[in-house]
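Colleague: This is a predicted model, with the sequence first.
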Amino acid sequence: MGLPSDAIRILWVAGVAEVGVVFALLTVVLILHIVKSIQLRRRARFHAVWRPLLVQSLTDIPKAVPPVSSRETMIFLYYWNYFHESLLGQDKMNGLNELARLAGMDRAAVKLLGAKSVSKRLMAIVTVGHLQERTAWSDLLTLAQSAHPIVSLSAARALIHIDPQAALPLVTQWIGARTDWSPPKVAALLYQAGSERIARPLSEAAMRATPAMTIRLLHFLEVTRCTAALPAVRTLLTRKGTKPAVQVACLKLIGQFQDPKDLEVVRSYLQHSDATVRAQAAVALGANGTPADESRLITLLSDAQWEVRYQAADALAHLPFMRRERLGEIQAEQTNAQAKHILEPFLIGTRRA
Amino acid sequence: MASNTQSTAQTILIVEDDEDMVTLLQFFLEREGYHVVLAKDGRQAQQLIDTLSPPKLALLDVMLPYHNGFELVTHIRSKEPWREVPILMLTADSAERDIVRALDAGANDYIVKPFNPKELMARLRRFLKAA
């Protein structure tokens, strides 16, 4: 009867192991609970001391501050950055920055730029940016080359905070190259830098970049809505050898700015061999066209490509002087069935005379 | 929830669930001499609206637990003694839809976070002078 006793032994060992695992898990849970309680208590103690000081620094800088232990550094940086990100205005910045320097957090943040933990590095990057800490410049340049998109983008933002003049020529090149940077975050970065300031370096970087990078930079130029970019965009559009995809991006921008000076150039692209360029030229003309452009757009209603016909119909319907009655006449005059058909939906949305 | 034992002459109701944001708002308002009544969620705010006499102004966050800022605006506008209380909404940056919705619901103005303390005080003073 060896088998039953073996089975009992196996069951006994399994039972002991199970109890052991349960105890081990309970111990882990207990330890985690104790650690969390300690962290919460530390955070509460920190709050009690530092929240009034942080708030006070917005109006009067305290003469002396209590020391911040290395364990409290991240808590300090978290709250300090929260205050920075919640408020606007130079006054608050001076007070908060002075307080951080008094507490030695400028040195702590520079040191944390080399931390292994990404969250600590990010906190340090944001902090030195708000502090406009020039001693961190070279470290930030290195971090801006990081393969981690959030680390590199945050470093670029910090560099702009510290010295926009010196940072922008670099950052604009990175914007073109870093396809892993989130477009809304890049748009926020450009907004923070200021449209007037960013438009020229961005358009100049577009002139020197590869076609793919140029298109990306031109899309971001749309965000700036700044006419300072126009001279470079015009040059890029008419430059020999410019790829159709780049021409499309240029025409999109030119259409957005609606400068009458560009009408002649836009018209010259209505007969381009590439359908996407013809379609974008029609869009640009629709935003800014004159009565003389009506016939040009009518010609495009019979284009071989559906996209061109559609954009031409849309542009016609949205010409500033277009009325429903006139659009109806144009439709009636068309001998091409596709041209007649493409105008149909636009008749409904166009204003009456 | 802070109790309102003082006169409501310069009382401002803040409804905000972010404790640190409350600290900031309270600091700027109390520095200007206003008495602040706090509610940290939509439910507390509704209780205050139902039981307290109306303050001079209400500063409401949009995103709140239990009842959001839009619901509170509607509630305030439906309560007779509170109906005329000026309401300023606190909205996140670029939340254009929130702003339109709040104004449509009956809010008087809005402040976008992050905010400039000077702008906040200027907007408040505009309504408090008119009140």
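Modeller: That came in fine, so what should we check first? Numbering: from 1, shown residues only, chains lettered A, B, ... in the order given.
Colleague: drop to CA atoms for contacts and neighbour counts, all remaining ones
Modeller: OK.
Colleague: ok, now which ones touch residue 72?
Modeller: I went with chain A, as the question did not name one. Residue A:72 makes contact with A:42, A:46, according to CA atoms under 8 Å, 6 or more residues apart in numbering or on different chains.
Colleague: try chain B instead
Modeller: By CA under 8 Å, 6+ apart, the neighbours of residue B:72 are B:42, B:45, B:46.
Colleague: can you do 10 Å?
Modeller: B:15, B:42-43, B:45-46, B:49, B:60-62, B:64, B:78, B:87, B:105, B:107 (CA atoms under 10 Å, 6 or more residues apart in numbering or on different chains).
Colleague: Which of the residues you listed fall in helices?
Modeller: B:42, B:43, B:45, B:46, B:49, B:78, B:105 (DSSP state H).
Colleague: which residue packs closest to the first one, ignoring adjacent ones?
Modeller: Ranked by CA to CA, 6 or more residues apart in numbering or on different chains and with sequence neighbours excluded, the top spatial neighbour of residue B:42 is residue B:67, at 4.3 Å.
Colleague: Of the ones in helices among the contacts of residue B:72, just say which sits nearest to chain A.
Modeller: Distance to chain A across those (CA to the nearest CA) is lowest for residue B:42, with 21.9 Å.
Colleague: wait, isn't that closest one in contact with residue B:76?
Modeller: No. Residue B:42 is beyond contact range of residue B:76, at 11.9 Å (criterion: CA atoms under 10 Å).
Colleague: who in chain B is up against chain A?
Modeller: Residues of chain B lying close to chain A (CA under 10 Å from any CA of the partner chain) are B:20-21, B:23-24, B:27-28, B:112-119.
Colleague: where exactly do the helices run in the stretch 151-300 of chain A?
Modeller: Along the stretch 151-300 of chain A, the stretches classed as helices by DSSP state H, counting those that start in this stretch are A:164-177, A:183-193, A:195-208, A:211-224, A:230-238, A:244-257, A:263-268, A:275-288, A:294-300.
Colleague: looking at those helices, which is buried most?
Modeller: Comparing the helices of the stretch 151-300 of chain A by mean neighbour count (mean count of other CA atoms under 10 Å in any protein chain shown), helix A:275-288 ranks first with a mean of 25.
Colleague: Show me what that one is packed up against.
Modeller: For helix A:275-288, the contact count by 3 or more CA pairs under 10 Å, 6 or more residues apart in numbering or on different chains; DSSP states H and E identifies helix A:244-257, helix A:263-268, helix A:294-300, helix A:306-317 as packing neighbours.
Colleague: Those helices: which one's closest to residue A:97?
Modeller: Residue A:97 lies closest, by CA to CA, to one member of those: helix A:244-257, at 39.7 Å.
Colleague: List of residues touching stretch B:113-121?
Modeller: With contacts defined as CA under 10 Å, 6+ apart, stretch B:113-121 is touched by A:58, A:83-92, B:21, B:24-25, B:28-29, B:32, B:61, B:88, B:90-95, B:110-112, B:122-125.
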